[in-house]
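Enquirer: starting from these lines, generate the structure:
(2 chains)
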2 protein chains.
Amino acid sequence: MTARSGHPILQLDEVVHQRVRLGILAVLAEAEKVDFTHLRDVLGVTDGNLSRHLSVLHEAGYVETHKTFEGRRPRTWIVATKLGRRALADHLAALRELIAQVGEP
Amino acid sequence: MTARSGHPILQLDEVVHQRVRLGILAVLAEAEKVDFTHLRDVLGVTDGNLSRHLSVLHEAGYVETHKTFEGRRPRTWIVATKLGRRALADHLAALRELIAQVGEP
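Expert: Below you'll find the predicted structure:
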(Lines give C-alpha, C1' and ligand atoms only; values in the text may rest on other atoms or scores of the structure.)
Protein backbone atom coordinates (compact mmCIF):
# COMPACT_ATOMS: atom_id res chain seq x y z
CA MET A 1 0.00 0.00 0.00
CA THR A 2 1.45 3.36 -0.97
CA ALA A 3 1.23 6.50 1.14
CA ARG A 4 -1.72 8.62 0.11
CA SER A 5 -2.86 12.07 1.06
CA GLY A 6 -6.36 12.89 2.23
CA HIS A 7 -9.15 10.69 3.46
CA PRO A 8 -9.22 7.16 1.95
CA ILE A 9 -12.74 7.91 0.70
CA LEU A 10 -11.16 10.22 -1.89
CA GLN A 11 -9.40 7.20 -3.45
CA LEU A 12 -12.68 5.42 -4.18
CA ASP A 13 -13.50 5.43 -7.89
CA GLU A 14 -17.28 5.76 -8.41
CA VAL A 15 -17.11 3.53 -11.50
CA VAL A 16 -15.86 0.64 -9.35
CA HIS A 17 -17.46 1.54 -6.03
CA GLN A 18 -21.13 1.36 -7.07
CA ARG A 19 -22.54 -1.77 -5.41
CA VAL A 20 -23.55 -3.77 -8.49
CA ARG A 21 -20.37 -2.85 -10.39
CA LEU A 22 -18.19 -3.78 -7.41
CA GLY A 23 -20.10 -7.07 -7.35
CA ILE A 24 -19.49 -7.69 -11.06
CA LEU A 25 -15.74 -7.11 -10.71
CA ALA A 26 -15.60 -9.21 -7.52
CA VAL A 27 -17.35 -12.16 -9.17
CA LEU A 28 -15.08 -11.82 -12.23
CA ALA A 29 -12.02 -11.83 -9.96
CA GLU A 30 -13.08 -15.25 -8.69
CA ALA A 31 -13.66 -16.77 -12.15
CA GLU A 32 -11.96 -16.39 -15.51
CA LYS A 33 -15.27 -15.72 -17.25
CA VAL A 34 -18.91 -15.80 -16.20
CA ASP A 35 -22.05 -15.85 -18.22
CA PHE A 36 -24.60 -13.07 -18.07
CA THR A 37 -27.35 -15.19 -16.51
CA HIS A 38 -25.10 -16.49 -13.74
CA LEU A 39 -23.86 -12.99 -12.93
CA ARG A 40 -27.42 -11.66 -12.85
CA ASP A 41 -28.52 -14.41 -10.46
CA VAL A 42 -25.51 -14.10 -8.12
CA LEU A 43 -25.98 -10.36 -7.84
CA GLY A 44 -29.78 -10.47 -7.64
CA VAL A 45 -30.36 -7.83 -10.30
CA THR A 46 -32.54 -7.57 -13.39
CA ASP A 47 -31.25 -8.04 -16.95
CA GLY A 48 -31.66 -4.32 -17.63
CA ASN A 49 -29.85 -3.29 -14.47
CA LEU A 50 -26.95 -5.64 -15.14
CA SER A 51 -26.68 -4.46 -18.77
CA ARG A 52 -26.52 -0.83 -17.69
CA HIS A 53 -23.75 -1.47 -15.19
CA LEU A 54 -21.81 -3.64 -17.67
CA SER A 55 -21.96 -0.75 -20.13
CA VAL A 56 -20.37 1.60 -17.60
CA LEU A 57 -17.60 -0.93 -16.90
CA HIS A 58 -17.13 -1.57 -20.62
CA GLU A 59 -16.79 2.15 -21.35
CA ALA A 60 -14.12 2.35 -18.63
CA GLY A 61 -12.27 -0.54 -20.28
CA TYR A 62 -12.78 -2.80 -17.27
CA VAL A 63 -14.79 -5.65 -18.86
CA GLU A 64 -15.30 -7.27 -22.24
CA THR A 65 -18.18 -9.39 -23.45
CA HIS A 66 -18.18 -12.28 -25.92
CA LYS A 67 -21.09 -14.18 -27.45
CA THR A 68 -21.06 -17.90 -28.06
CA PHE A 69 -23.77 -20.30 -29.21
CA GLU A 70 -24.71 -23.60 -27.64
CA GLY A 71 -26.74 -25.07 -30.45
CA ARG A 72 -29.07 -22.18 -31.25
CA ARG A 73 -28.94 -20.76 -27.74
CA PRO A 74 -26.76 -17.66 -27.43
CA ARG A 75 -24.70 -17.14 -24.30
CA THR A 76 -23.03 -13.91 -23.31
CA TRP A 77 -19.73 -14.27 -21.48
CA ILE A 78 -18.17 -11.50 -19.46
CA VAL A 79 -14.49 -11.24 -18.62
CA ALA A 80 -12.54 -8.64 -16.66
CA THR A 81 -9.71 -6.92 -18.52
CA LYS A 82 -6.26 -6.52 -17.00
CA LEU A 83 -7.21 -2.87 -16.35
CA GLY A 84 -10.41 -3.98 -14.64
CA ARG A 85 -8.56 -6.39 -12.36
CA ARG A 86 -6.10 -3.63 -11.50
CA ALA A 87 -8.97 -1.20 -10.77
CA LEU A 88 -10.60 -3.71 -8.44
CA ALA A 89 -7.30 -4.40 -6.65
CA ASP A 90 -6.71 -0.66 -6.17
CA HIS A 91 -10.24 -0.23 -4.93
CA LEU A 92 -9.99 -3.04 -2.40
CA ALA A 93 -6.70 -1.53 -1.19
CA ALA A 94 -8.47 1.80 -0.62
CA LEU A 95 -11.32 0.03 1.20
CA ARG A 96 -8.81 -1.81 3.40
CA GLU A 97 -7.24 1.55 4.21
CA LEU A 98 -10.66 2.98 5.07
CA ILE A 99 -11.48 0.01 7.30
CA ALA A 100 -8.11 0.30 9.07
CA GLN A 101 -8.61 4.02 9.64
CA VAL A 102 -12.11 3.63 11.06
CA GLY A 103 -11.12 0.58 13.10
CA GLU A 104 -13.80 -1.18 15.06
CA PRO A 105 -16.39 1.44 15.97
CA MET B 1 -18.80 -12.20 11.65
CA THR B 2 -21.93 -14.27 11.31
CA ALA B 3 -22.51 -16.82 8.56
CA ARG B 4 -24.36 -15.30 5.64
CA SER B 5 -25.85 -16.75 2.52
CA GLY B 6 -25.16 -15.46 -0.96
CA HIS B 7 -22.48 -13.18 -2.28
CA PRO B 8 -21.20 -10.56 0.22
CA ILE B 9 -22.24 -7.87 -2.25
CA LEU B 10 -25.86 -8.65 -1.34
CA GLN B 11 -25.16 -7.48 2.23
CA LEU B 12 -24.14 -4.00 1.10
CA ASP B 13 -26.76 -1.40 1.99
CA GLU B 14 -26.96 1.27 -0.74
CA VAL B 15 -27.73 3.95 1.85
CA VAL B 16 -24.36 3.36 3.50
CA HIS B 17 -22.36 2.16 0.49
CA GLN B 18 -22.61 5.28 -1.67
CA ARG B 19 -19.13 6.85 -1.63
CA VAL B 20 -19.92 10.23 -0.03
CA ARG B 21 -22.28 8.69 2.55
CA LEU B 22 -19.70 6.03 3.45
CA GLY B 23 -17.24 8.89 3.86
CA ILE B 24 -19.60 10.84 6.12
CA LEU B 25 -20.13 7.84 8.40
CA ALA B 26 -16.40 7.01 8.38
CA VAL B 27 -15.42 10.55 9.40
CA LEU B 28 -18.14 10.56 12.09
CA ALA B 29 -16.80 7.25 13.42
CA GLU B 30 -13.45 8.93 14.01
CA ALA B 31 -14.88 11.99 15.81
CA GLU B 32 -17.78 12.53 18.19
CA LYS B 33 -19.13 15.38 16.11
CA VAL B 34 -17.93 17.27 13.06
CA ASP B 35 -19.05 20.54 11.60
CA PHE B 36 -20.54 20.79 8.14
CA THR B 37 -17.68 22.82 6.68
CA HIS B 38 -15.03 20.42 7.94
CA LEU B 39 -16.93 17.42 6.58
CA ARG B 40 -17.38 19.13 3.22
CA ASP B 41 -13.65 19.89 2.96
CA VAL B 42 -12.47 16.43 4.06
CA LEU B 43 -14.75 14.73 1.53
CA GLY B 44 -14.11 17.23 -1.25
CA VAL B 45 -17.78 17.81 -2.07
CA THR B 46 -19.98 20.85 -2.58
CA ASP B 47 -22.39 22.18 0.06
CA GLY B 48 -25.36 20.99 -2.01
CA ASN B 49 -23.94 17.54 -2.53
CA LEU B 50 -23.15 17.10 1.16
CA SER B 51 -26.62 18.35 2.15
CA ARG B 52 -28.30 15.86 -0.15
CA HIS B 53 -26.34 12.92 1.24
CA LEU B 54 -26.89 14.07 4.83
CA SER B 55 -30.63 14.10 4.13
CA VAL B 56 -30.54 10.48 2.98
CA LEU B 57 -28.62 9.48 6.11
CA HIS B 58 -30.95 11.52 8.30
CA GLU B 59 -34.03 9.87 6.81
CA ALA B 60 -32.48 6.48 7.56
CA GLY B 61 -31.93 7.56 11.17
CA TYR B 62 -28.14 7.36 10.82
CA VAL B 63 -27.17 10.98 11.55
CA GLU B 64 -28.47 14.00 13.44
CA THR B 65 -27.63 17.65 12.98
CA HIS B 66 -27.48 20.43 15.57
CA LYS B 67 -27.01 24.16 15.09
CA THR B 68 -24.95 26.32 17.41
CA PHE B 69 -23.90 29.96 17.23
CA GLU B 70 -20.42 31.35 17.71
CA GLY B 71 -21.26 35.00 18.17
CA ARG B 72 -23.55 35.59 15.22
CA ARG B 73 -21.97 32.87 13.09
CA PRO B 74 -24.05 29.69 12.85
CA ARG B 75 -22.34 26.32 12.83
CA THR B 76 -23.97 23.05 11.86
CA TRP B 77 -22.75 20.01 13.74
CA ILE B 78 -23.30 16.48 12.54
CA VAL B 79 -23.25 13.40 14.75
CA ALA B 80 -23.79 9.73 13.98
CA THR B 81 -26.61 8.01 15.83
CA LYS B 82 -26.14 4.65 17.52
CA LEU B 83 -28.04 3.14 14.58
CA GLY B 84 -25.69 4.89 12.15
CA ARG B 85 -22.59 3.57 13.92
CA ARG B 86 -24.09 0.08 13.84
CA ALA B 87 -24.90 0.41 10.12
CA LEU B 88 -21.32 1.45 9.38
CA ALA B 89 -19.90 -1.43 11.45
CA ASP B 90 -22.14 -3.93 9.64
CA HIS B 91 -21.14 -2.44 6.31
CA LEU B 92 -17.42 -2.63 7.04
CA ALA B 93 -17.91 -6.26 8.12
CA ALA B 94 -19.55 -7.01 4.76
CA LEU B 95 -16.71 -5.23 2.93
CA ARG B 96 -14.13 -7.23 4.90
CA GLU B 97 -15.97 -10.38 3.88
CA LEU B 98 -15.94 -9.27 0.23
CA ILE B 99 -12.21 -8.47 0.39
CA ALA B 100 -11.48 -11.86 1.98
CA GLN B 101 -13.50 -13.66 -0.68
CA VAL B 102 -11.83 -11.92 -3.58
CA GLY B 103 -8.38 -12.19 -1.98
CA GLU B 104 -5.45 -10.60 -3.75
CA PRO B 105 -6.28 -10.68 -7.45
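Enquirer: which parts of chain A sit against chain B?
Expert: Neighbours of chain B within chain A, by Cβ under 8 Å from any Cβ of the partner chain: A:6-10, A:12, A:14, A:17, A:19-20, A:22-23, A:26-27, A:29-30, A:42-44, A:85, A:88-89, A:92, A:95-96, A:98-99, A:101-105. Heads up, the C-betas are built off the backbone N, CA and C, glycines and all.
Enquirer: what do you get if the cut-off is 7 Å, keeping everything else the same?
Expert: A:7, A:9-10, A:12, A:14, A:17, A:19, A:22-23, A:26-27, A:29-30, A:42-44, A:85, A:88-89, A:92, A:95-96, A:98-99, A:102, A:105 (Cβ under 7 Å from any Cβ of the partner chain).
Enquirer: show me which of the residues you listed are buried.
Expert: Neighbour counting with 16 or more other Cβ atoms under 10 Å in any protein chain shown marks A:7, A:9, A:12, A:17, A:19, A:22-23, A:26-27, A:29, A:42-43, A:85, A:88, A:92, A:95, A:98-99, A:102 as buried within the residues of chain A next to chain B.
Enquirer: where are the low-confidence patches of chain A?
Expert: A:1-5, A:104-105 (pLDDT under 70).
Enquirer: which parts of chain A are strands?
Expert: A:34-35, A:63-70, A:73-80 (DSSP state E).
Enquirer: highest mean neighbour count out of those strands?
Expert: Comparing the strands of chain A by mean neighbour count (mean count of other Cβ atoms under 10 Å in any protein chain shown), strand A:34-35 ranks first with a mean of 17.
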